[in-house]
Structures are given as C-alpha cells and as structure tokens.
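>>> have a look; sequence and predicted model below, questions after that.
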Amino acid sequence: MTTKPLLICLSTASIGGFLELTTSSKFTSSLNNSTHQLTAITPCILIGTGLWTLAHGFTIGKARIKYAALAKKDGEPNVDERYLLPNLYAQGTSKHAKAFNCIQRSHQHIFETFTTATLSGIMGAISFPICTAVSTLMYAVGRYQLSKGYAEAGAEEGGADASKRYKYPMAKFMWYGFLGNVLLGMGSCGLIIGGKKTVV
C-alpha cells in the first residue's frame with residue numbers, strides 16, 4: 001500500500017473530526033436532533049454490510065457446486081477432494097479452480113477488514129458520528145464493489161484474472177473508508193481515555 005491513501009485519510013479524518021468537534025453542537029441543534037441519534041447511523045450501515053456479507057456467502061456455495069461440476073465435465077482428476085468442503089479454496093491451477101478461487105476470495109477478503117472496520121466505526125461514531133458515518137458508507141460501498149469485481153474476475157474471458165478486482169470505480173474507496181474508520185476510532189478512543197469525551 002502506498003502512503004497516498006494513508007495521507008488522504010489522515011488529513012480528511014483530522015479536518016473532518018476537528019470540524020465536527022468544534023461545530024457539532026451548532027449543527028445538531030440546527031437539525032433539531034441529538035448527537036446520540038446521529039451515532040446510530042454507523043451501526044446501521046455496518047449491520048447492513050454484515051447482512052450483505054451473509055447473503056454473499058450463499059453465492060460461494062453455489063459457485064463451489066458449479067465449478068466442481070464443470071471440472072468433472074472437463075475430466076479433471078480428484079474433483080471432490082480438490083473443490084468440495086472442508087477445502088476453503090479449490091486445489092490446483094485449472095481454469096475452473098482459478099475461477100472458483102476468485103469467487104471464494106471475494107467473500108474471504110471481507111473478513112480481513114470487517115472486524116476492524118466495525119469496532120473502529122462504532123468507537124469513532126461516539127465522538128465523530130457524521131464523519132464516521134460517511135467513512136463507514138465509503139467502506140461499505142467500496143467493499144461491495146471490490147467483492148463484486150473479485151467475483152467477476154473469475155469469469156473473465158481467457159481465464160480468471162484477479163488483477164481486475166478493482167474494475168469498479170468505488171472499489172478502491174473501501175480502503176479509504178477502512179482507514180478513515182481506524183483513524184476516527186483511534187481519535188475517539190484518545191478523547192475518551194483523555195477525559196475529553198464521556199460515554200453515556
């Protein structure tokens with residue numbers, strides 16, 4: 001990962017967080033709303049992302065059966081041992097194994113960031129509900145598009161090509177949303193530990 005996304009997220013989270021801390025009372029009173037109600041936006045986005053992740057998992061089971069059947073049809077050896085559970089990924093380098101593995105990776109990749117995005121998003125929403133909601137939405141939309149690109153990369157003409165996983169324009173913004181959540185979550189934890197923010 002290059003330093004550009006980190007610098008963009010650090011500066012955006014810092015500026016947004018500062019503005020939210022210094023102007024939040026004016027903003028929330030003009031909306032006739034409380035900060036506590038705005039805090040619920042981030043968990044709602046995360047719950048929706050979690051439900052989508054569950055639904056996406058069902059497509060992996062269908063793909064496993066589909067590509068195992070295609071491999072049998074093409075005469076690949078030991079298909080059941082290579083494709084079916086308990087194997088997470090299909091063994092081998094055939095076109096069907098690579099195609100299935102791209103689809104499997106589209107789901108497995110979610111779990112490398114989802115826990116951290118969720119915990120930091122919830123912590124960030126305590127002190128920075130608006131910035132964290134925007135960051136979490138960026139993560140969720142980018143996560144969806146990155147997973148979709150990964151899954152479709154398995155069906156590319158001429159064989160699976162995982163390098164095409166970022167073909168959708170918002171896919172890379174998953175990383176910006178992720179880093180934004182981490183930075184806002186850490187900032188919120190710092191404010192709470194330092195006694196500048198209380199958790200009600």
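Arrived safely. Numbers count the residues shown, from 1 in each chain.

>>> quick one: Phe18 and Thr132, what's the gap?
14 Å (CB to CB, to the nearest Å). Placement of C-beta: from N, CA and C, glycine included.

>>> who has more neighbours, the two?
More crowded of Phe18 and Thr132, by other CB atoms under 10 Å: Thr132, with 34 against 13.

>>> chain neighbours aside, what residue packs nearest to Ile110?
Leaving aside its chain neighbours, Ile110 sits nearest to Thr53 (5.4 Å; criterion: CB to CB, 6 or more residues apart in numbering).

>>> how many neighbours does the one you found have?
Neighbour count of Thr53, defined by other CB under 10 Å: 16.

>>> who are the contact partners of it?
Neighbouring residues of Thr53 by CB atoms under 8 Å, 6 or more residues apart in numbering: 107, 110, 114.

>>> name the nearest residue to the residue nearest the centre of the chain, ignoring sequence neighbours.
In the chain, the C-alpha nearest the mean C-alpha coordinate belongs to Arg143, at 3.8 Å (CA atoms, centre = their mean). Leaving out its chain neighbours, the residue that sits closest to Arg143 by CB to CB, 6+ apart is Met174, at 4.7 Å.

>>> now do the contacts for that neighbour.
113, 138-139, 141-143, 145-146.

>>> among these, which lie within helices?
138-139, 141-143, 145-146 (DSSP state H).

>>> just the buried ones among these, please.
Among those, those buried by neighbour count (16 or more other CB atoms under 10 Å) are 138-139, 141-143, 145-146.

>>> quick one: which of those is nearest Pro43?
Nearest to Pro43 among these: Tyr139, at 13.2 Å, using CB to CB.

>>> can you tell me how far the nearest residue to the closest one once chain neighbours are set aside sits from Thr116?
Among residues not flanking Tyr139 along the chain, Gly177 sits closest, at 2.9 Å (CB to CB, 6+ apart). Distance check for Gly177 against Thr116: by CB to CB, it reads 12 Å.

>>> picking up where we left off before, can you redo the ones in helices among the contacts of Met174 as CSV with pLDDT and distance to Leu70?
Output for these, formatted as CSV (pLDDT from 0 to 100; distance: CB to CB, whole Å):
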residue, pLDDT, distance to Leu70
Met138, 95, 36
Tyr139, 97, 34
Val141, 97, 32
Gly142, 96, 31
Arg143, 96, 28
Gln145, 96, 26
Leu146, 95, 25
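
>>> got those residues as CSV, with distance to Leu85 columns?
Below are the ones in helices among the contacts of Met174 laid out as CSV (distance: CB to CB, whole Å):
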residue, distance to Leu85
Met138, 34
Tyr139, 29
Val141, 31
Gly142, 29
Arg143, 25
Gln145, 28
Leu146, 25
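
>>> with these in mind, which one is nearest to Ser163?
Ser163 lies nearest to Leu146 out of the ones in helices among the contacts of Met174, by CB to CB, at 12.8 Å.
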